[in-house]
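1. only the shape, not the letters, is given here:
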């Protein structure tokens, strides 16, 4: 009996084949006197597998049609478990079959307990509002007794997910200030949600996806992920955005997904605070096979739905960048206002309420779109209070005063000609290129952590000439080679810095000490 059902474990969904299996099985059930419990367990297992669910529903329907009395006589606990799984299936394509099964078994479908609705505010209004200077932010957990000119980072702990095997790398980090949890993602690894001490809270499977970016929408504790399918999905999609529910009791279940066939790549995704919107840097393939770089603005109300997999288009797009949009960050206290950086060397400020054109391009003299502050790709952005940082592969990191966005020059720049303190030795800061900068949440005002090709540093932007100190973070091989980190995030509550190792699936925890 059960061998026919078990053969479906390797079957591809073919209606004729599956109906044949169902007829053969139910005919045997009518002539055989064996227990139905094993078959009930097997059908339940197949119902849980989305790829084999159609076959399992068909077989269960045929079984009920031919021998429902024997199904009803199966072990009551196993039968209850089967119907619990059946009741949880919400796919529209199975609605008729499941209703038919329930009617014939003389039972009423038990609706699954729905999580509380996601409390997203209304989309950004169309009416324009003037760009205002953001309020200055007093950093939480500020350190006392530290000579800021000598502040440096020191690795105090390294943690890994014991469920992961060898290989893979963590490429991106996100921080949830409500739950005090870190989120990591990368290549050939699942998304990991960590408690702040490095304990693994949850491992989220994202097989087949190279996770480019993670972020946390703090109002509802939603984890956002954008990634690239490796290889492209069977449906032909190359990129996706997924949304996971991190609210208490929701276990980071996926509650939304955006997949659009014209999107070749989604490099970055960010939540816009106090709105129902997320923004994403996308490469779009046009009808003539040309490509367009854009920032897509999506409404969470259209995507956060039980079982949602949508090709919903963005509610607005912003197309001023000429090459890949590499980084995005919202401005605190400015609803719908955000900053972008690009491979076209520019940094732009946008107001989603005023339309698709950037309200400012930083570092570009008016009327001159050839001269820019950065001479190569902009790799990172971060903002705290009225200070915005932009980093580039050209080895420079610029500090911008958001109270004077009309200025064509940054208030300070640290670059290859700057002097850095390398553990007591003063040398030129040959950093090889800026990878990431983290300012928000720093325990010392205007002190940024900066990850570069040549290691990790603190950069103090409290003066016109930034003070640079190398971190005490070296490879484990004893060679005193500085560690390279792919992403860094401050915890504003503790003053700790989390840094994802650039060559493996590990996260270092660093604290500020005095050089």
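-> Ah, there it is. Since we're looking at a predicted model, the values are computed, not measured. Residues are numbered from 1 along each chain as shown.

2. could you use CA atoms for every contact and neighbour count after this?
-> Fine.

3. bridged to the residue nearest to residue 472 when sequence neighbours are not counted, which residues?
-> Nearest residue to residue 472, sequence neighbours excluded (Cα to Cα, 6 or more residues apart in numbering): residue 154, at 4.8 Å. Under the criterion DSSP bridges, residue 154 forms beta bridges with residue 472, residue 511.

4. separation between residue 154 and residue 312?
-> Distance of residue 154 to residue 312, computed by Cα to Cα, to the nearest Å: 45 Å.

5. those two - which one has more neighbours?
-> A direct count of neighbours by other Cα atoms under 10 Å for residue 154 and residue 312 places residue 154 higher, at 21 against 14.

6. does the more buried one touch residue 471 like I think?
-> Yes - in this structure residue 154 lies within contact range of residue 471 using Cα atoms under 8 Å: 6.0 Å.

7. and the residue nearest to residue 472, what does it touch?
-> Contacts for residue 154 (Cα atoms under 8 Å, 6 or more residues apart in numbering) come out as 471, 472, 473, 510, 511, 512, 513.

8. return the distance of the last one relative to residue 147.
-> In other words, residue 513. Counting by Cα to Cα, the separation of residue 513 from residue 147 is 9 Å.

9. looking at the two, which one has more neighbours?
-> Each of residue 513 and residue 147 has its neighbours counted (other Cα under 10 Å); residue 513 has more, 16 against 11.

10. any idea how far residue 500 is from the nearest residue to residue 303 once chain neighbours are set aside?
-> In this structure, residue 303 finds its nearest non-sequential neighbour in residue 256, 5.3 Å apart by Cα to Cα, 6+ apart. Distance, residue 256 to residue 500, by Cα to Cα: 26 Å.

11. and these two? which has more neighbours close in?
-> Neighbour totals were compared for residue 256 and residue 500, and residue 500 leads with 27 against 21 (other Cα under 10 Å).

12. taking the mean pLDDT, what do you get for the host helix or strand of that one?
-> Per DSSP states H and E, residue 500 falls inside strand 497-501. Here strand 497-501 scores 94 as its mean pLDDT.

13. direction included, what does it pair up with?
-> Strand pairing for strand 497-501, determined by DSSP bridges: strand 485-490 (antiparallel), strand 507-514 (antiparallel).

14. most packed of those?
-> Most buried of these, by mean neighbour count (mean count of other Cα atoms under 10 Å): strand 485-490, with a mean of 25.

15. tell me what the lengthiest helix in the chain is packed against?
-> Criterion DSSP state H: the longest helix present in the chain is helix 53-72. Secondary-structure packing of helix 53-72 (3 or more Cα pairs under 8 Å, 6 or more residues apart in numbering; DSSP states H and E): helix 15-31, helix 37-47, helix 95-104.

16. go through these and find the least confident stretch.
-> Taking the mean pLDDT of those, helix 15-31 comes last: a mean of 37.

17. where in the stretch 401-515 of the chain is pLDDT low?
-> Along the stretch 401-515 of the chain, segments meeting pLDDT under 70 span 406-408, 477-479, 515.

18. could I get the full set of strands for it?
-> 412-414, 419-422, 425-428, 434-438, 447-452, 455-460, 467-470, 485-490, 497-501, 507-514 (DSSP state E, counting those that start in this stretch).
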